[in-house]
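[1] Just the structure for this:
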Amino acid sequence: MVQAGVVHGDVHIVSGPARPISLPRQLPLAVTGFVDRTAHLQQLDTLARESATGVSVAVLAGPPGVGKTALAVHWAHGARHLFPDGDLYTSVHGHAPGPRAEASQALDAILRALGVPPERIPLDLDGRSALYRSEVDGKRLLVVIDDVLNPAQVRPLLPASPGCMVVVTSRSTLPGLIAREGARRLALDVLPVVDSVALLRNTVGTRVDSEPRAAHELAEHCARLPLALRVAAERLLDRPDAALSDLVNELAAEESRLDALAEEDELTDLRAVMTASYQALDDDTARFFRRLGLHPGPEFSPGAAAALTGTPRAEARRLLERLVRANLVERPRADRYRLHDLMRLYAVERVRAEEEPGAAGEAVGRVARWYTHAAARAQLVEHPNFPAVPGDGQPEELPGFGSVGEALAWFETERTNLLAVVRAALDHGRHDTAWRLPASVYGLFELHRHWHEWRDLHAVGLQAAGSAGSSFGLARNHLGMGDAQWLLGDLDAAVRHYGSALEANREAGDPWVEGFALRQLGVVAWQRGERDGTAAEHVERAIAVFREAGERRGEAMGLLSLADFGTDLGRFDEALSHGRAAIEAFEAIGADWSVAWARCTLGRSLTGSGRAAEAVAEYQAAVRVFEERDDRDSRAVALLGLGDARAELGDAAAAREVWNAALEYLRDHGDPRAREVEERLDRLTSDG
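    Numbers count the residues shown, from 1 in each chain. Below is the predicted model of the structure:
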């Protein structure tokens, strides 16, 4: 029937009867047992309020299984009252099994949900997007767009008028949507342990409370990922008589953990979820990602990632950022990256499935060499005269250190990785690589009192050197192990390792090992109270070895030991002569930190000889050096001596001040020397 209505040319088409108003309510069922995410819920509430005057777009970004969809749907159900014109939900299947939905398909479904007759829906994307914006104009609508791969799937679905809010979930950070559309990114991480246990409790019940330790272990085995935790909870519900510890034992073996968390449903099978993200990567990025799983320690730098994957550092940095945007790799802080545990296991699976059998060992060997040479470089900044370990080929693109502080900061950051990488090199049969790192980093572990870790590192180094048949490696690692045991107070073990170092060194012929093993045997003998000349004889032999080799640092260390012996025996002129000779030798090689220690030794001799005023100057100079290097342990030792000198001069107030400063540090670190300081302070009080 031709009547007045919409005009097309000169033909009048009658509009049909007004279509009924459609109020879409499309949100899927909210998950049960939802826990916490309080901060994210509050951020979403804020964005909802802001949507009254403009379109708010929130991007919930995070790795697979972290609970992005659960959060979006949970919040949306609670916020329905803010959007009286309805809620729309669409998944564009960016990573889900099956074909990916394009924006045009999503708009077709949305327009139908809004009550638009099929014949009115344009065929092209632009037409559908324009009609969609017209339909939602002036309405208060909530739109949830789930599982987005890229911004192109979202932009056509964004309303143009105030009153609407869009919540997007994605494994990618969608930087383009943030930059162009002003979306707000809400990054999701794994749950804290307490919330992980709460999630298990909400699903399983009070069984969780009866095994608190097992519940915590189960949470960690699931990498605190909500999806993995829910799968584990379902396992427990299926086995009502089983203990939590039974499932913990099943998940303990890393190589089968993903199998234990497998499900028939592809949407909840953790491996399938990760595979969808992995398959979206190009070949170069996929290769880079899977090799990252081989990194032995918890975090890594771009340089370590480059060495591990065989990639130039600039390219490694670019690929790392791409994986961060895809939420397959985390960046906890600047220039530090990590994979959560289950993602790491998946990456290693892909290495085994897709690379040659020796690829993992080669990658671990590369990164172990990188850490070894980087640590040796840091060691040389701190101890410039430390003798280098004969090389196995220096990697390219090692870190540079502009100061001692930078070198020590690098060591503190990488300390955990050093032990992990040595163990991994040993496990992969890279024995010749595995013994070199412990042999290259003496002073770094000693300086900040990481003595237990130092001992553990040399234990691996000794095993590797033995397997490699390296007498040099055995000699260096026995010497280091002896020093670690000496500092830990196990003098018998120290003597055994010093003796083993000398025995291995008969073939290796390293004057550094011979000299320091002899010197340390003398020091231990003196500590044991041996005053028959044996201790001094060991040290004098060490000094002769060092002098013949032209090793000034070792010579100076031996002289310091003789200075200590002389002070203990009251032979102060002899002690002062040895102490000053040690300072001269250290100064000749620019060893400032060692000069400071020598000043402490000289200060003790000066105080004992009645020249406390001179001792004060020596101790003060030492304190300044230790403070510049943030060496708080050495500073405390220097302050003890400074207090002794002040007390000898009768300046009780100054002595008390420096002793209290030393005591604060020693107490904080559980150092037994704190008792010595307390006794000094007590005597000072009683004398006063």
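[2] just for the stretch 351-500 of the chain, where's the confidence low?
    Along the stretch 351-500 of the chain, segments meeting pLDDT under 70 span 391-393.
[3] One more pass at 80, please.
    Along the stretch 351-500 of the chain, segments meeting pLDDT under 80 span 382-396, 442-444, 446-449.
[4] With the stretch 1-150 of the chain instead?
    1-22, 32, 95-101.
[5] just the strands in it please.
    Secondary structure of the stretch 1-150 of the chain by DSSP state E, counting those that start in this stretch: the strands cover 2-8, 11-13, 56-61, 87-91, 142-148.
[6] same thing with the stretch 401-550 of the chain?
    Using DSSP E, counting those that start in this stretch, strands in the stretch 401-550 of the chain do not occur.
[7] residue contacts, the spatially most central residue of the chain?
    The chain has E299 as the residue nearest its centroid, 3.5 Å off, counting by Cα atoms, centre = their mean. The neighbours of E299, taking Cβ atoms under 8 Å, 6 or more residues apart in numbering as the test, are P332, R336, Y337, R338, N417. Where C-beta positions appear, they are placed from N, C-alpha and C, glycine not excepted.
[8] rerun at 6 Å
    Listed by Cβ atoms under 6 Å, 6 or more residues apart in numbering, the contact partners of E299 are R336, R338.
[9] And for the one 5 residues further on?
    Contacts of A304 were listed using Cβ under 6 Å, 6+ apart, and they are V367.
[10] Can you tell me the SS state at it?
    For A304, the secondary structure call by DSSP: H, G, I helix; E, B strand; the rest coil comes out as helix.
[11] In the stretch 551-688 of the chain, where is pLDDT below threshold?
    Using pLDDT under 80, the stretch 551-688 of the chain drops low at 669-670, 685-688.
[12] Okay, helices next: where are they in it?
    In the stretch 551-688 of the chain, the helices defined using DSSP state H, counting those that start in this stretch lie at 552-568, 572-588, 592-608, 612-628, 632-648, 652-668, 673-687.
[13] Adding distance to P64, write the ones you listed out as CSV.
    Compiled in CSV, the helices of the stretch 551-688 of the chain are given as follows (distance: least, Cβ to Cβ, whole Å):
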stretch, distance to P64
helix 552-568, 53
helix 572-588, 56
helix 592-608, 48
helix 612-628, 47
helix 632-648, 43
helix 652-668, 42
helix 673-687, 50
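[14] With respect to D147, which of those helices lies nearest?
    Among the helices of the stretch 551-688 of the chain, the nearest to D147 by Cβ to Cβ is helix 652-668 (49.9 Å).
[15] Show residues contacting that closest one.
    632, 636, 639-640, 642-643, 646-647, 673-674, 677, 680-681, 684, 688.
[16] Can you go through the residues you listed and name the buried ones?
    Neighbour-count burial (16 or more other Cβ atoms under 10 Å) applied to the contacts of helix 652-668 gives 632, 636, 639-640, 642-643, 646-647, 673-674, 677, 680-681, 684.
[17] Which one, of the helices of the stretch 551-688 of the chain, ends up nearest to G522?
    Among the helices of the stretch 551-688 of the chain, helix 552-568 sits nearest to G522 (Cβ to Cβ), with 6.2 Å.
[18] Quick check: which helices or strands does the closest one pack against?
    If contacts are counted by 3 or more Cβ pairs under 6 Å, 6 or more residues apart in numbering; DSSP states H and E, helix 552-568 sits against helix 511-527, helix 534-549, helix 572-588, helix 592-608.
[19] what's in contact with that helix?
    Counting by Cβ under 6 Å, 6+ apart, 385, 515, 519, 523, 536, 539, 542-543, 546-547, 574-575, 578-579, 581-582, 585-586, 588-589, 598, 601, 604-605, 608 sit against helix 552-568.
[20] For those residues, which PyMOL command selects only the ones that are buried?
    Buried members of the contacts of helix 552-568, defined by 16+ other Cβ under 10 Å, are picked up in PyMOL with:
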select buried, resi 385+515+519+523+536+539+542+543+546+574+575+578+579+581+582+585+586+598+601+604+605+608
